[in-house]
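Trainee: Need a 3D model of the following:
(chains A and B)
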Amino acid sequence: EAGVVQSPRYKIIEKKQPVAFWCNPISGHNTLYWYLQNLGQGPELLIRYENEEAVDDSQLPKDRFSAERLKGVDSTLKIQPAELGDSAVYLCASSLGLNNEQFFGPGTRLTVL
Amino acid sequence: QKEVEQNSGPLSVPEGAIASLNCTYSDRGSQSFFWYRQYSGKSPELIMSIYSNGDKEDGRFTAQLNKASQYVSLLIRDSQPSDSATYLCAVKQGAQKLVFGQGTRLTINP
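Mentor: As a prediction, this is how the structure comes out:
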């Protein structure tokens, strides 16, 4: 069974540029999470989807971040415009329902110059 | 006060010894507790979950939970160099949100 797939694995952009990350969860997993992980810190939840509905986006900086999961399967996280402080690893995770184990993808390492 | 606190380490343990990792949490209503292992440059991987007070053993790993003290720990027996990683404590708040600690970096010395 394929795991959570994320792309790209690495992205380097200049500040003020837009960037997008893509995630394909494990087949059948209806719950999808986007996390941000800064160096030396644990992951912090940005947004959680139940199918196509965003049910917890309280930590998503909505002035520059947006996310979508149109068909309840794969998801895209976008930053526009990117700032220097956005440099981090963006992790996608999925689970079969809210109370089951979350499986993480390999992450996208973003560097903003 | 952070919601989930861990000593960031690094924690250095000789091979074959017991590694002890600790975590405290602030939300007294938390019911689910997890330990994730994260190798450098890799994503977190769940290694233990615990829901009731006491000990839970899985191979060389033992998770311990004390809800009264709001404390959860992970013991790794017969530590191996392959156990060298960052260990993340995660606590589920309410029914939904998983909150991670900052992680403890563990190094097993051959």
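Trainee: make it CA atoms for all contacts and neighbour counts henceforth
Mentor: OK.
Trainee: what's the burial count for residue A:44?
Mentor: Neighbourhood size, residue A:44 [other CA atoms under 10 Å in any protein chain shown]: 19.
Trainee: May I ask you to confirm that it is in contact with residue A:58?
Mentor: No. Look at residue A:44 against residue A:58 with CA atoms under 8 Å: they stay out of range, at 11.5 Å.
Trainee: Now for the closest residue in space to residue A:35 that isn't next to it in sequence: which residues touch it?
Mentor: Closest residue in space to residue A:35, ignoring its immediate chain neighbours: residue A:45 at 4.4 Å, by CA to CA, 6 or more residues apart in numbering or on different chains. Listed by CA atoms under 8 Å, 6 or more residues apart in numbering or on different chains, the contact set of residue A:45 reads A:33, A:34, A:35, A:36, A:59, B:98, B:99.
Trainee: tell me which helix or strand of the chain sits lowest on mean pLDDT?
Mentor: Picking chain A for this. In chain A, the helix or strand scored least confidently by mean pLDDT, DSSP states H and E is strand A:53-56, which has a mean of 91.
Trainee: ah, no, chain B please
Mentor: strand B:97-100 (a mean of 90).
Trainee: Ramachandran angles for the residue nearest to residue A:35?
Mentor: When read as degrees, to the nearest 10, the backbone of residue A:45 gives phi -70, psi 130.
Trainee: burial count for residue B:47?
Mentor: Residue B:47 - counted by other CA under 10 Å - has 13 other residues nearby.
Trainee: What's the separation between it and residue B:36?
Mentor: 6 Å (CA to CA, to the nearest Å).
Trainee: buried residues in the helix or strand that the least confident helix or strand of chain B is followed by?
Mentor: Remark: after strand B:97-100, the chain's next helix or strand is strand B:104-109, criterion DSSP states H and E. Neighbour counts over strand B:104-109 (16 or more other CA atoms under 10 Å in any protein chain shown) mark B:104, B:105, B:106, B:107, B:108 as buried.
Trainee: So which elements touch strand B:104-109?
Mentor: strand B:11-14, strand B:85-93 (3 or more CA pairs under 8 Å, 6 or more residues apart in numbering or on different chains; DSSP states H and E).
Trainee: and residue B:52, what does it touch?
Mentor: Applying CA under 8 Å, 6+ apart, we find residue B:52 in contact with B:31, B:65.
Trainee: Show me the helices in chain A, by range?
Mentor: In chain A, no segments count as helices under DSSP state H.
Trainee: residue ranges with poor pLDDT in it?
Mentor: A:1 (pLDDT under 70).
Trainee: Spell out which residues of chain A are next to chain B.
Mentor: A:40-45, A:91, A:98-99, A:101-107 (CA under 8 Å from any CA of the partner chain).
Trainee: Tell me, how many residues neighbour residue 9?
Mentor: Using chain A here. With neighbours defined by other CA under 10 Å, the count for residue A:9 comes to 15.
Trainee: You answered for a different chain; I wanted chain B.
Mentor: Using other CA under 10 Å, the number of residues around residue B:9 comes to 13.
Trainee: Can you verify my assumption that it contacts residue B:106?
Mentor: Yes. Counting by CA under 8 Å, residue B:106 is a contact partner of residue B:9 at 7.1 Å.
Trainee: list the contacts for the residue nearest the centre of chain A?
Mentor: Nearest residue to the geometric centre of chain A (CA atoms, centre = their mean): residue A:34, 3.2 Å. Applying CA under 8 Å, 6+ apart to residue A:34 gives the contacts A:45, A:46, A:47, A:48, A:77, A:90, A:91, A:92, A:93.
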